[in-house]
Every structure is written in structure tokens, then in C-alpha cells.
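Undergrad: Sequence and predicted structure are below.
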Amino acid sequence: MMTHPASAIKREVHQLVELQIHTLRQESPLTSSELFDYHVRSEKITTLYHELDRIGRMRIEWPLGRAS
């Protein structure tokens, strides 16, 4: 069984968001390395949401384009 790309992306986003929350719940201040990792994950989450948006738009446009 093949996983739909959107499902895999949503799962990855969920994991990244959980890690972001875990990072922010730390009682100690973030180190430079942790802050950098947090920023990289934030950019990755944004990129993945853009990809989900693109997939959603393709699903909407594809049936319309086929009817022409």
C-alpha cells in the first residue's frame, strides 16, 4: 500500500511541530545550536505547508483541466 504524499507530509509536519513544542517547554534557555535547529525546523514546516497547499490546488485544478 502506498501512502499518499499529503499524508506523509502531514505526519512530518506533526512530528516537527511536536519537537518545536518540546523545545519551547524546556526550562533552560536555548543554546545557540538549539535555537538554530528551531529556526531550521520552522523553515521546514513552512516549506511543507506550501507543498500541502500545492497538492491541494492540484487536486482541485486536475478535474477541471480534464473536463476541457
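TA: In hand now; what should we look at?
Undergrad: switch to C-alpha atoms for all contacts and neighbour counts from now on
TA: OK.
Undergrad: buried sites along whichever helix or strand F36 is part of?
TA: In the assignment (DSSP states H and E), F36 maps to helix 32-66. Across helix 32-66, burial judged by 16 or more other CA atoms under 10 Å covers 38, 41-42, 45, 48-49, 52.
Undergrad: which helices and strands sit right next to it?
TA: In this structure, helix 32-66 packs against helix 5-24, with contacts taken as 3 or more CA pairs under 8 Å, 6 or more residues apart in numbering; DSSP states H and E.
Undergrad: What's the separation between D53 and V17?
TA: Distance, D53 to V17, using CA to CA, to the nearest Å: 18 Å.
Undergrad: Dihedrals phi and psi, Q26?
TA: Here is the backbone geometry of Q26 (degrees, to the nearest 10): phi -60, psi 140.
Undergrad: any idea of the pLDDT on it?
TA: Q26 is assigned a predicted lDDT (pLDDT) of 95.
Undergrad: In contact with it, which residues?
TA: Going by CA atoms under 8 Å, 6 or more residues apart in numbering, Q26 touches no other residue.
Undergrad: where's it relative to Q20, distance?
TA: For Q26, the distance to Q20 equals 10 Å [CA to CA].
Undergrad: so how far is stretch 34-53 from its chain's centroid?
TA: 6 Å (CA atoms, centre = their mean, to the nearest Å).
Undergrad: Just the CA trace of that stretch, in PDB.
TA: The C-alpha coordinates for stretch 34-53 follow below in PDB (Å, rounded to 0.1, in the frame of the first residue of the first chain):
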ATOM      1  CA  GLU A  34      19.100  24.600  19.800                       C
ATOM      2  CA  LEU A  35      17.900  28.000  18.500                       C
ATOM      3  CA  PHE A  36      19.400  27.300  15.100                       C
ATOM      4  CA  ASP A  37      17.700  23.900  15.000                       C
ATOM      5  CA  TYR A  38      14.400  25.500  16.000                       C
ATOM      6  CA  HIS A  39      14.800  28.000  13.100                       C
ATOM      7  CA  VAL A  40      15.600  25.300  10.600                       C
ATOM      8  CA  ARG A  41      12.600  23.300  11.700                       C
ATOM      9  CA  SER A  42      10.400  26.400  11.400                       C
ATOM     10  CA  GLU A  43      11.500  26.900   7.800                       C
ATOM     11  CA  LYS A  44      10.900  23.200   7.100                       C
ATOM     12  CA  ILE A  45       7.400  23.400   8.500                       C
ATOM     13  CA  THR A  46       6.700  26.400   6.300                       C
ATOM     14  CA  THR A  47       8.000  24.600   3.200                       C
ATOM     15  CA  LEU A  48       5.900  21.600   3.900                       C
ATOM     16  CA  TYR A  49       2.800  23.700   4.300                       C
ATOM     17  CA  HIS A  50       3.500  25.300   1.000                       C
ATOM     18  CA  GLU A  51       3.800  21.800  -0.500                       C
ATOM     19  CA  LEU A  52       0.500  20.700   1.000                       C
ATOM     20  CA  ASP A  53      -1.100  23.800  -0.400                       C
END
